Every structure is written in structure tokens, then in C-alpha cells.
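**Student:** Have a look at this prediction, sequence included:
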Number of protein chains: 2
Amino acid sequence: MRAAPVAARRVTATDVARRAGTSQSAVSRVFTPGASVSADLRERVMQAARDLSYRPNAIARSLSTRRSRIVAVVVAELGNQFYPLVLEALSARLQEKGYQILLFTTGPGAAGDPVIEQVMRYQVDAVVLASAGLSSALARECRGLGVPVVMFNRTTDDPELSCVTGDNERGGHRIARFLAAGGHRRPAFIAGLEGSSTSRDRERGFTAGLAEAGLAPPARSVGYYSYEGAAEAARTLLRAPARPDAVFCANDHMAIACIEVARHEFGLSIPDDLSVVGFDDVGPARWRSFDLTSFSQPLGPMVEATIGMLLEFMETPDLPTRRVVVEGNLVLRGSARLR
Amino acid sequence: MRAAPVAARRVTATDVARRAGTSQSAVSRVFTPGASVSADLRERVMQAARDLSYRPNAIARSLSTRRSRIVAVVVAELGNQFYPLVLEALSARLQEKGYQILLFTTGPGAAGDPVIEQVMRYQVDAVVLASAGLSSALARECRGLGVPVVMFNRTTDDPELSCVTGDNERGGHRIARFLAAGGHRRPAFIAGLEGSSTSRDRERGFTAGLAEAGLAPPARSVGYYSYEGAAEAARTLLRAPARPDAVFCANDHMAIACIEVARHEFGLSIPDDLSVVGFDDVGPARWRSFDLTSFSQPLGPMVEATIGMLLEFMETPDLPTRRVVVEGNLVLRGSARLR
């Protein structure tokens, strides 16, 4: 057990109020994110708090206000380029609003359910789920406890769940029409995780777009949204007798692995021998070595939509659920032939 | 205010114990990470808890045990390749031990002090600081409150602070001797953030190693540990009349920017016209397009050392502070000439 540092812990808001020459409720307001206090009062209270080594106890407060000012964020993994940026942007915006992120990581491809058991042990104000598995039953349980859940970058058929996604199906469709217009006859697809709604929706749009252009369904292989998985999927596709003339990868991270394998293991020239298209439009897509044509997922607007919903749902838990789709664009670069 | 879902909240450990045919203390043990219970008891209690929609309240428990089972992790940014992996590894290991990460982001180059004020509002059990700025005064304050602090990937002169770092100075030294042995006469250096101990220690070792080999101090430019900053720093160095024949960049992320600029803007061949060496040995260093020679920071052992210290300090806050240096190796690839 930790030895309690008695002297430091004994300082209370009353002591601080006395030293600052104000009331206890004024001290409380200074330490409540978003509460209104004058700059002068804030300065006096903070100085007194520093003098006395006083720290308000956000957790004790959460028991009386029923607010912990903690938002749980569940992510599968941080090894690609997209989720670290999502986490950074969510954290920055939540901190501005006086909330902190309690992070839960599930490992790639894992179900979210055991993690949700953990999440519910902490009295979080809301949950952002940016990971593949969460059963509808558990999500309903969260809602039953008055804890809003927003799914980020994934959807479900359950009408009781709110979500924010990019424009996955339209993006896949747009890429199919673009490749067909560029004269490609055998576009292939590298899927992410089979269970993920992003990969499924992108593939659905892609296959529909190819069909409209009179092309056959794509050869496909699964890359599991990982670099190594995608490299192996690319090898499988490029070894086939009827080699594809284009590959659409369900995210940029996999598209880069595909380019590396095509160029350095198969000696193919990009885009002359093979066009490669990704999805996300994150950092390395812009690096000159890859110059990746990609469909953008606008991270800023997606994060704004998520924060906005969370704040509304925390105020008013009975609002109807919502599904927000943030539009993206096809960003043309050098990795795919135009004709 | 959130409407309290009264029915759900009224379920207590006693209700669960009655339904599971066991005692309240057995229920409590099932919900205490690390406590010993039989598989059979765990299963009965979990089933009863599910039947009753019971959730133990970790926060209320923290008030009686003085443990919140929350570790604050402060990071500057997640835009490079190293810190997301650090966060993922720390989270996975802490979760195994029954702790969750409360995430604080400061933005690149920002001071950590205002964030620490925030950290102290939550009753965290420990703090991992993987960000540039934290004044010694505040760190002492944390220790005064019995909250252990471990600095990750940075050091300070303050003997009251514990830290875990890679082998920065020796790594820089090793790279200097390697480049000198390869016949390079004008190695340059791209620094990270001027205030960061990692960049300073790597540069110190590099400059010392060059001096031992009879070479002049390196031309230098600052890349701020960012891709764009490093690209600009590389342009400055490569435009100089006495162009460097090698560049050591204080991390891999900047080394990749340097390779991109050298190759695509200056038309230089790597390594024939210019050798480039990084530090970290993270993912993209292994991509064939970069094939980056780099000094490794073994993430696994660094995270293990950090977790080990945190757990010890949480048990016994008065242990003397410690400084752990995890050794790395020069990983030879194709981006630097051997002679």
C-alpha cells in the first residue's frame, strides 16, 4: 500500500479559500472546467493552491456530480498512420472541452467485448469505439446505464448505435470508375479485416463501380490492414497468371506495402506496369517515393462530428441516434495511370 | 445533468453475491485486477453480474483504496512512427496489470507544466512523461503527493526524477565512427527539438565521435522532429557550397524526409552521392524504398523497464530514483556507404 502523504492530502478547498480570501464555492468553480470565473479570482485561487500544494480531487467530485470528465476511447492498434492522428485530434479537442481520454487497446482483430467490460468499471461519461468488435448487446447496456457510445470509422446495422464514418462506399465506387476510365481491365482489391465495415463498404462500392463499367468482379486478397499482411496479399495477387493491372487497397498503409512489393520484388514500374490506389490520404501518401492516389477521409471534420455528438449526448442522453458520413475526395497523384 | 438510470445503478455487490451464492468479498475479489479467484467462482460471479447488469465502480473503490488504477501518460504528439508504438505497448502491458492509461497530449514543442496541473486533478497512481517540458518543481510536487513519475525517452539533471532512455550518446558516437570508417569527410547533423535531451545527447555523441576520427564538428540544421521541418533542414544543408557527404538525422522520421528531399529534389543517389543515417529503427526504416541504416531503440525492453519501475514505485514510493539506459545497436542497411 502507498503510504499516504498526510500533510499534502489534508489541504482542503476551505484552506485554499481562506488563503485566497474567497469562498469555498469560488474555489470549486475555479477547478471546474468550463465554469465562469474572473481572471483575477482565478489567479488568486491558483496562487493559494500552489502555495498550499492543493489539488482538487476530480474523482471525488465525479461522485457528487456524476461526471468523471473521462471519455473512454477504444482502439484496435496504433501501428498504421491513421489512428494515431485520430487519437491526437480527439485528445486535443476533448482537452479543450475539459475532458481526458482513458485509452483502451484491444490488439488488431480482437473483439471489443472484454474491453467494454473493463470500460464500464470506470465511471466514464462516454465511449468512442474505433475498433472492430462490439456486440450490440453490450452497446445497448452502455446506453441503459446512460453512457453514450459513438462508433468512429465503423458502422453497424444496429439502429441504437450512432456512428461517424468517411464516405466508404462512394469512395470505392469513385475509384472503380476512375480506374475503368484509365483503361484498366483487371483491377484487384486488397481487403482490410473481413469483419470490418470500412473494408466491406469500400469493397462493395468498388465492385459495383466495376460492374457499371462492364468489368468483372475484382480478384481479391486479404491484407488485414497491416503492412506485412498487405505485402503477402500483394505477392499472391501479382504471382497470379492473369496479373492485375491495378490494385485498390482498403487503406494507404496497405497501398504502400503493395507499391514496395511490386517495385522491389516484382520489378514493376508504378504506374506504367501497375496502378495502385489507397484510401485515407494520410502522411506517407504524399511522400514522393509513393505519390499515392488515394480517397481522402477528412480527419478534422470526422473528429468534430464525433466530439459534437458526444457533447450533445452527454447533455441529453435520450436524443435519437445519428449516423454521420463525412464526404471525401479522390486525390490524384502519380501512382495510378490516367489513361 | 444526466438523468441517473436509477434501476441499473441500484444493483450492488451484495445483490450479485446473493445471486451467485457467494460472499460480497468474493465478488469484490473477482473485480479486483490481479486478485486470486478460482475459475469456477469467477464464472458464477460474472454470470450473476451480467444477469443483473452489475458494474463495479472503480472510481468509488479508488477512494477507499487510494488507488484509481489509472496511469497518466503525457505525450507531445503522435505524428511520427515512434510514439504511437510506445503508447500501444505501454497500454497493452498496463492493461495486463489492471491499469488503464489516461492520455494527455501537449502538442509538439509545448511545455508540459499546464498539462501536469490537469494531470493532478485526477487521482492518478503514476505519471509517465514522454514529452519535452516538465519543470523539476512540478515533478517534485508530484513526488510530494506520493505520485511516482517516470520520464520515458528523456532525461534531466534533476536527481529526483527517474527515467528510461535508449542509448543516445553512445548511438551518436557509434554512427560518427561508422561514417568516418566509411570514408565520409563532411557528415552533417539534423537536430530534433533544441530543448530535447534525446537530440542533445545524440548530437553530443556524434560530435565527439567525429572529433576522435579527426573530423570537424558537423554542419547542423534543426528539423524539430517533424517531417516538414526535416525536409526544410535537408534543403538548407544540401544547398550549402560544401555539401555534406552524409547526414545523421536525430530520428528515422526525419531521415526519411531527408532521403525524399535528396533524391527527388536534388537528384542525389542514396548512398552513392549521400549517406543518410537515422535513429529509432522503426517500421519505415525497413521499407525497401528507404532501407535506412539506423541505431535501434528497443521499444519492448524500454517499455518493460518503465512498467517495472512504475509498479515498484507504486508499491514503495520512497525507493531511490533510477536511471535506466537500454542498449541499442547500429542496424546496417543500404542508405549509408560502407566505404
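**Tutor:** Perfect, thanks for sending it. Numbering: from 1, shown residues only, chains lettered A, B, ... in the order given.
**Student:** From now on I want contacts and neighbour counts done on CA atoms only, so please keep to that.
**Tutor:** Noted.
**Student:** per-domain residue ranges of chain A.
**Tutor:** For chain A, the structural domains run A:6-54, A:68-166+A:299-325, A:168-297, going by automatic domain parsing.
**Student:** And these: which comes nearest chain B?
**Tutor:** Chain B lies closest to domain A:68-166+A:299-325 among the domains of chain A, at 4.4 Å (Cα to the nearest Cα).
**Student:** Kindly report the residues of the stretch 151-300 of chain A close to chain B.
**Tutor:** A:260, A:264, A:287, A:288, A:289 (Cα under 8 Å from any Cα of the partner chain).
**Student:** Residue A:245: what's it in contact with?
**Tutor:** Taking Cα atoms under 8 Å, 6 or more residues apart in numbering or on different chains, we find residue A:245 in contact with A:184, A:185, A:186, A:187, A:188, A:273, A:274, A:275.
**Student:** where exactly do the helices run in the stretch 1-150 of chain A?
**Tutor:** Assigned by DSSP state H, counting those that start in this stretch, the helices in the stretch 1-150 of chain A fall at A:6-9, A:13-20, A:24-30, A:39-51, A:58-65, A:82-96, A:113-121, A:136-144.
**Student:** list the buried ones in stretch A:281-300?
**Tutor:** Buried residues in stretch A:281-300, counted by 16 or more other Cα atoms under 10 Å in any protein chain shown: A:281-282, A:284-285, A:287-299.
**Student:** Among those residues, name the ones in strands.
**Tutor:** Members of these lying in strands (criterion: DSSP state E): A:293, A:294, A:295, A:296.
**Student:** Make JSON lines out of those residues and add distance to residue B:142 and pLDDT.
**Tutor:** As requested, these are exported to JSON lines (distance: Cα to Cα, whole Å; pLDDT from 0 to 100):
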{"residue": "A:293", "distance to residue B:142": "49", "pLDDT": "98"}
{"residue": "A:294", "distance to residue B:142": "46", "pLDDT": "98"}
{"residue": "A:295", "distance to residue B:142": "46", "pLDDT": "97"}
{"residue": "A:296", "distance to residue B:142": "43", "pLDDT": "96"}
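**Student:** returning to what we had before: farthest-apart pair in the residues of the stretch 151-300 of chain A next to chain B, please.
**Tutor:** Farthest pair in those (Cα to Cα) is A:264 and A:287. Separation: 17.2 Å.
**Student:** buried ones in stretch A:247-255?
**Tutor:** By neighbour count on 16+ other Cα under 10 Å, the buried set for stretch A:247-255 is A:247, A:248, A:249, A:250, A:251, A:252, A:253, A:254, A:255.
**Student:** measure stretch A:289-302 end to end?
**Tutor:** End-to-end distance of stretch A:289-302 (Cα to Cα, to the nearest Å): 28 Å.
**Student:** what sits up against that stretch?
**Tutor:** Residues from elsewhere that reach stretch A:289-302 (Cα under 8 Å, 6+ apart): A:86, A:89, A:164-167, A:171, A:175, A:252, A:256, A:259, A:276-282, A:284-286, A:326-336, B:260, B:289.
**Student:** and if you look at stretch A:84-96?
**Tutor:** By Cα under 8 Å, 6+ apart, the surrounding residues in contact with stretch A:84-96 are A:78, A:100-101, A:299-300, A:303, A:307, B:77-79, B:84, B:103-106.
**Student:** Any idea how far stretch A:118-128 is from the middle of the chain?
**Tutor:** 17 Å (Cα atoms, centre = their mean, to the nearest Å).
**Student:** Pull out the buried residues from that stretch.
**Tutor:** Here stretch A:118-128 shows A:118, A:119, A:120, A:122, A:123, A:124, A:125, A:126, A:127, A:128 as buried, counting by 16+ other Cα under 10 Å.
**Student:** Tell me which of those fall in strands.
**Tutor:** Those of those lying in strands (DSSP E): A:126, A:127, A:128.
**Student:** And the pLDDT at the last one?
**Tutor:** Among the per-residue scores, residue A:128 shows a pLDDT of 90.
**Student:** How much space separates it from residue A:198?
**Tutor:** Distance from residue A:128 to residue A:198, by Cα to Cα: 16 Å.
**Student:** now the second one
**Tutor:** Distance of residue A:127 to residue A:198, given as Cα to Cα: 20 Å.
**Student:** got the contact list for the one helix or strand residue A:209 maps to?
**Tutor:** Using DSSP states H and E, residue A:209 maps to helix A:197-212. Here helix A:197-212 makes contact (Cα under 8 Å, 6+ apart) with A:153-156, A:168-177, A:180, A:189, A:191-194, A:216-218, A:250.
**Student:** Show me just the buried residues among the residues you listed.
**Tutor:** The buried subset of the contacts of helix A:197-212 - by 16+ other Cα under 10 Å - is A:153-155, A:168-177, A:180, A:189, A:191-193, A:217-218, A:250.
**Student:** Just name the most buried of the domains of chain A.
**Tutor:** Ranked by mean neighbour count, the domains of chain A are led by domain A:168-297 with a mean of 21 (mean count of other Cα atoms under 10 Å in any protein chain shown).
**Student:** what distance separates that one from the centre of its chain?
**Tutor:** Worked out by Cα atoms, centre = their mean, domain A:168-297 lies 21 Å from the chain centre.
**Student:** what does stretch A:75-91 give?
**Tutor:** In terms of Cα atoms, centre = their mean, the centre of stretch A:75-91 is set 6 Å apart from its chain centre.
**Student:** Convert it to PDB, retaining C-alpha atoms only.
**Tutor:** Taking C-alpha atoms only, stretch A:75-91 is exported to PDB below (Å, rounded to 0.1, in the frame of the first residue of the first chain):
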ATOM      1  CA  VAL A  75      -8.700   1.400 -30.500                       C
ATOM      2  CA  ALA A  76      -7.500  -1.800 -32.000                       C
ATOM      3  CA  GLU A  77      -4.000  -0.700 -32.800                       C
ATOM      4  CA  LEU A  78      -1.800   2.300 -33.400                       C
ATOM      5  CA  GLY A  79       0.600   0.800 -35.900                       C
ATOM      6  CA  ASN A  80      -0.800   2.400 -39.000                       C
ATOM      7  CA  GLN A  81      -0.800   6.100 -39.900                       C
ATOM      8  CA  PHE A  82      -4.500   6.900 -39.400                       C
ATOM      9  CA  TYR A  83      -5.400   6.000 -35.800                       C
ATOM     10  CA  PRO A  84      -2.600   7.800 -34.100                       C
ATOM     11  CA  LEU A  85      -3.700  11.000 -35.800                       C
ATOM     12  CA  VAL A  86      -7.300  10.300 -34.800                       C
ATOM     13  CA  LEU A  87      -6.300   9.800 -31.200                       C
ATOM     14  CA  GLU A  88      -4.200  13.000 -31.200                       C
ATOM     15  CA  ALA A  89      -7.000  15.100 -32.700                       C
ATOM     16  CA  LEU A  90      -9.700  13.600 -30.400                       C
ATOM     17  CA  SER A  91      -7.400  14.200 -27.400                       C
END
